[in-house]
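J.: give me coordinates for this.
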Amino acid sequence: MAKYLLLKHYRGAPTAVNDVPMDQWTPEEISAHMQYMSDFATRLEESGEFVDGQALAPEGTFVRYDGEGRSPVTDGPFAETKDLIAGWMVIDVDSYERAVELAGVLSAAPGAGGAPIHEWLEVRPFLAAPPTITE
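T.: Next up is the predicted model:
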């Protein structure tokens, strides 16, 4: 089994087919989208492939170390930048092909008008530890 991160980009990814910003959706369209996401996670829980997932707020701050005894430096929030991660899901699957297959299903979540979004999802493998050689 290998873990993959499925990243949902609200902005910054290639344009989705049904590219209506979520702030223009009706409450019913938002509810249908969230229900699809919940149902998808439930199916993956049942198959043992779901690890975790969350939606993210648009606000965020970059933070970095600024030297011994100094407060961290912050910059942001950046809600108006071109890139915005809307949420993420961690899956634990048998293969990269299965991760891509599941990302394709998640991409079909409904959006404006109830039509599938066909959004682009980023599939990122977790970095695995290099194999240990013993003699």
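
J.: what ranges do the strands span in the protein?
T.: For the chain, applying DSSP state E gives strands covering 2-11, 50-55, 62-64, 73-75, 84-93, 121-125.

J.: any chance of these in TSV with mean pLDDT as columns?
T.: Output for these, formatted as TSV (pLDDT from 0 to 100):
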stretch	mean pLDDT
strand 2-11	87
strand 50-55	93
strand 62-64	82
strand 73-75	82
strand 84-93	89
strand 121-125	92
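
J.: mean neighbour count and distance to residue 22 added to those strands, as TSV?
T.: All C-beta atoms are positioned from the backbone trio N, CA, C, and that covers glycine. Shown next, in TSV, are the strands of the chain (neighbours: other CB atoms under 10 Å; distance: least, CB to CB, whole Å):
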stretch	mean neighbour count	distance to residue 22
strand 2-11	18	7
strand 50-55	14	11
strand 62-64	10	24
strand 73-75	10	26
strand 84-93	18	8
strand 121-125	15	15
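
J.: tell me which of those lies nearest to residue 31.
T.: strand 50-55 (13.5 Å; CB to CB).

J.: show me what that closest one is in contact with.
T.: 3, 6, 37, 41, 44, 86, 87, 88, 89, 90, 91, 92 (CB atoms under 8 Å, 6 or more residues apart in numbering).

J.: was I right to think the second one contacts residue 101?
T.: Going back to what we said before, that points to residue 6. No: contact criterion CB atoms under 8 Å: residue 6 and residue 101 do not qualify, at 11.4 Å.

J.: before we move on, back to that, taking the contacts of strand 50-55, tell me the two that lie furthest apart.
T.: Every pair of the contacts of strand 50-55 checked by CB to CB; the farthest is 86 and 92, at 21.8 Å.

J.: longest helix of this structure?
T.: helix 27-47 (DSSP state H).

J.: with only the CA atoms kept, save it in CSV.
T.: Extracted in CSV, the C-alpha atoms of helix 27-47 (Å, rounded to 0.1, in the frame of the first residue of the first chain):
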residue,chain,number,x,y,z
PRO,A,27,-26.9,26.6,-1.4
GLU,A,28,-28.3,23.4,-3.0
GLU,A,29,-25.4,23.1,-5.3
ILE,A,30,-22.9,23.5,-2.5
SER,A,31,-24.8,20.9,-0.4
ALA,A,32,-24.8,18.4,-3.3
HIS,A,33,-21.0,19.0,-3.8
MET,A,34,-20.3,18.4,-0.1
GLN,A,35,-22.6,15.3,0.0
TYR,A,36,-20.7,13.8,-3.0
MET,A,37,-17.4,14.4,-1.2
SER,A,38,-18.8,12.8,2.0
ASP,A,39,-20.2,9.8,0.1
PHE,A,40,-16.8,9.4,-1.7
ALA,A,41,-14.9,9.3,1.6
THR,A,42,-17.4,6.8,3.0
ARG,A,43,-16.9,4.4,0.1
LEU,A,44,-13.1,4.7,0.6
GLU,A,45,-13.5,4.1,4.3
GLU,A,46,-15.4,0.9,3.5
SER,A,47,-12.7,-0.3,1.1
